[in-house]
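Asker: here is the input, now give the coordinates:
(4 chains)
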Protein chains: 2
Amino acid sequence: MKEKEKNNNKDGMEISILNVAEKLFLEKGFNGVSTTQIAKIVGCNQALIHYYYRTKANLFQKVFENKLKYIISLFETIDDKNLSFQERLVIKIKSHFDALSQNPLLPMFILNEIRSNSSTISIIRETFKREAPILINRFEEELKIEINAKRIRNISALDLLMNIISLNIFVFLTRPIMEYVFVIDETKKNEMLENRKQEIVNTILNSLRP
Amino acid sequence: MKEKEKNNNKDGMEISILNVAEKLFLEKGFNGVSTTQIAKIVGCNQALIHYYYRTKANLFQKVFENKLKYIISLFETIDDKNLSFQERLVIKIKSHFDALSQNPLLPMFILNEIRSNSSTISIIRETFKREAPILINRFEEELKIEINAKRIRNISALDLLMNIISLNIFVFLTRPIMEYVFVIDETKKNEMLENRKQEIVNTILNSLRP
DNA sequence: ATTATCTATAGATCTATAGATAATGC
DNA sequence: ATTATCTATAGATCTATAGATAATGC
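Answerer: Sure thing, here's the model as predicted:
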């Protein structure tokens, strides 16, 4: 059993390369991966990567943009207007946490690149500068109603958003340690994640009481 | 004005190399820095780095261990037994946040290495496996007293610790974006950090109410 | 004499390109 | 014909070492 995957040759090498690149970049970041490594796992030669994507930075960009789109989509969930603010908030927190559970490497991947990669940083910055205010303003409106009705304490939308994201990403950022120090098997791990998710919901809801 | 620093030649090249290495590794991680770059900034030639530290990994290890020691020291603050649990908790949260303010690159540095560097990961794991239970158990004792006295709600020491660390590290992890999207100048930035610190204290204290 | 620093270089990558060959679509 | 894939290689790193020279401590 070689490392090669001959990744569904059906969809062609172009896609296979992108898939393998995504997997490796998520694990090790831009600097941690070489086009030679990607080629080896894809099962082609290294030149082919440049035939399709010209440069390594270009290929990385493609992967990164896909991930950024995915993250933004996470925050564009449609609200059920029949539910209370609190019920909707719980759904948002849990679905954000669940999305991370299915993409556990994502938070580190994004954070790592906003630190080091000066070519992607401007993309992210612009994306955020464009998207964040819309998201925050919409959330702020909702919050104000609750605050004015004295159903929750006074807090800014940005602070609340940061609280939720902070709490949700943490276990995934520290996974390599957490698993070693606290986790024994897969069942225990899932149990621990469920508990943590519930604890985050409790923390946020309690922290909002007037 | 060259990039060279001729870093206090008094304390000798050995220390200068360590200092420059620390700075660069903190900014860009192990893979993002070459011994050639370090040498250029130190103002010596690249061979000297290997004369003192033999390998790049070795040099990195030295930097990393220092930082890990520093972080552990953050959690070994002496408590003033005249203060209430809540007062002591606030001091802990704030001093942890302040320590990060003075070492803003530290959280990302640590998280990045526990992801990628398989030689350091075992050091960290062992350190945590050794240190974490002591810290957590001590904290758990304190917590139980408060919980039994109904002064705070039921929560595990691990969850509370994770909450605090999560909330505190976030602004530093996302600094490159935050500064661009929300911050105009240095004064505004410090103001924002102060506000965030206070908001974290509020969040934690409120979340603990019975 | 010993320790610190330098020059030079081997050997291992790695990215990107040029040019050859194989596969495919009309 | 056009597109996909390969081989070969240039040129740029980068790490680590060997061996020469300079500085220092007795």
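
Asker: just after the worst-scoring helix or strand of chain A on mean pLDDT, pick out the following helix or strand.
Answerer: In chain A, the helix or strand scored least confidently by mean pLDDT, DSSP states H and E is helix A:175-182, which has a mean of 85. Remark: after helix A:175-182, the chain's next helix or strand is helix A:186-208, criterion DSSP states H and E.

Asker: chain center to that next one: distance?
Answerer: 18 Å (C-alpha atoms, centre = their mean, to the nearest Å).

Asker: list the buried residues in the lengthiest helix in chain A.
Answerer: As assigned by DSSP state H, the longest helix anywhere in chain A is helix A:118-148. Neighbour counts over helix A:118-148 (16 or more other C-beta atoms under 10 Å in any protein chain shown) mark A:120-121, A:123-125, A:127-128, A:131-132, A:135-136, A:139-140, A:143, A:146-147 as buried. Yep, even glycine has a C-beta here, placed from its N, CA and C like the rest.

Asker: how far off centre is it?
Answerer: On the basis of C-alpha atoms, centre = their mean, helix A:118-148 sits 16 Å off its chain's mean C-alpha point.

Asker: what angle do that helix and helix A:186-208 make?
Answerer: Put simply, helix A:118-148 runs at 50 degrees to helix A:186-208, going by axes from the mean of the first three to the mean of the last three C-alpha atoms, to 10 degrees.

Asker: same for helix A:118-148, what does it pack against?
Answerer: helix A:56-74, helix A:85-102, helix A:106-116, helix A:157-173, helix B:175-182 (3 or more C-beta pairs under 8 Å, 6 or more residues apart in numbering or on different chains; DSSP states H and E).

Asker: for residue A:19, grab the count of nearby residues.
Answerer: For residue A:19, the count of nearby residues is 17 (other C-beta atoms under 10 Å in any protein chain shown).

Asker: next one, pLDDT for it please.
Answerer: Model confidence at residue A:19, expressed as pLDDT, equals 97.

Asker: equivalent analysis for residue A:6, please.
Answerer: With respect to pLDDT, residue A:6 scores 38.

Asker: in chain A, which ranges drop under the pLDDT threshold?
Answerer: By pLDDT under 70, the low-scoring segments of chain A are A:1-11.

Asker: close to DNA strand C: what parts of it are there?
Answerer: A:33-37, A:46-47, A:50-51, A:54-57 (C-beta under 7 Å from any atom of the strand).

Asker: ok, of the residues you listed, which one's closest to residue B:87?
Answerer: Among these, residue A:33 lies closest to residue B:87 (C-beta to C-beta), at 48.6 Å.

Asker: the closest one: neighbour count?
Answerer: Neighbours around residue A:33, by other C-beta under 10 Å: 21.

Asker: residue contacts, the residue nearest to it when sequence neighbours are not counted?
Answerer: Nearest non-adjacent residue to residue A:33, counting by C-beta to C-beta, 6 or more residues apart in numbering or on different chains: residue A:24, 4.5 Å away. Residue A:24 makes contact with A:32, A:33, A:37, A:38, A:41, according to C-beta atoms under 8 Å, 6 or more residues apart in numbering or on different chains.

Asker: then residue A:158?
Answerer: Taking C-beta under 8 Å, 6+ apart as the criterion, residue A:158 is in contact with A:136, B:182.

Asker: can you pick the most crowded of the contacts of residue A:24?
Answerer: With neighbours defined as other C-beta under 10 Å, the most crowded of those is residue A:38; it has 24 neighbours.

Asker: from memory that residue sits against residue A:49, does it?
Answerer: Yes - the pair residue A:38 / residue A:49 is scored as a contact, 6.0 Å apart, by C-beta atoms under 8 Å.

Asker: between the two, what contacts are shared?
Answerer: Shared contacts of residue A:38 and residue A:49 (C-beta under 8 Å, 6+ apart): A:17, A:59.

Asker: thinking again about what came up before, ok, which of the helices and strands packed on helix A:118-148 comes nearest residue B:93?
Answerer: Evaluated with C-beta to C-beta, the helices and strands packed on helix A:118-148 place helix A:157-173 nearest to residue B:93, the distance being 13.3 Å.

Asker: burial of the residue nearest to residue A:60 when sequence neighbours are not counted, as a residue count?
Answerer: Excluding its sequence neighbours, the residue lying closest to residue A:60 (C-beta to C-beta, 6+ apart) is residue A:30, at 5.3 Å. Neighbour count for residue A:30, taken as other C-beta under 10 Å: 22.

Asker: now do residue A:201
Answerer: Residue A:201 - counted by other C-beta under 10 Å - has 18 other residues nearby.

Asker: surely it touches residue A:91?
Answerer: No - counting by C-beta under 8 Å, residue A:201 stays clear of residue A:91, with 10.0 Å between them.

Asker: how about the contacts made by the residue nearest the centre of chain A?
Answerer: The structure's chain A has its C-alpha centroid closest to residue A:106; by C-alpha atoms, centre = their mean the separation is 4.1 Å. With contact taken as C-beta under 8 Å, 6+ apart, residue A:106 is in contact with A:26, A:67, A:70, A:71, A:100, A:172.
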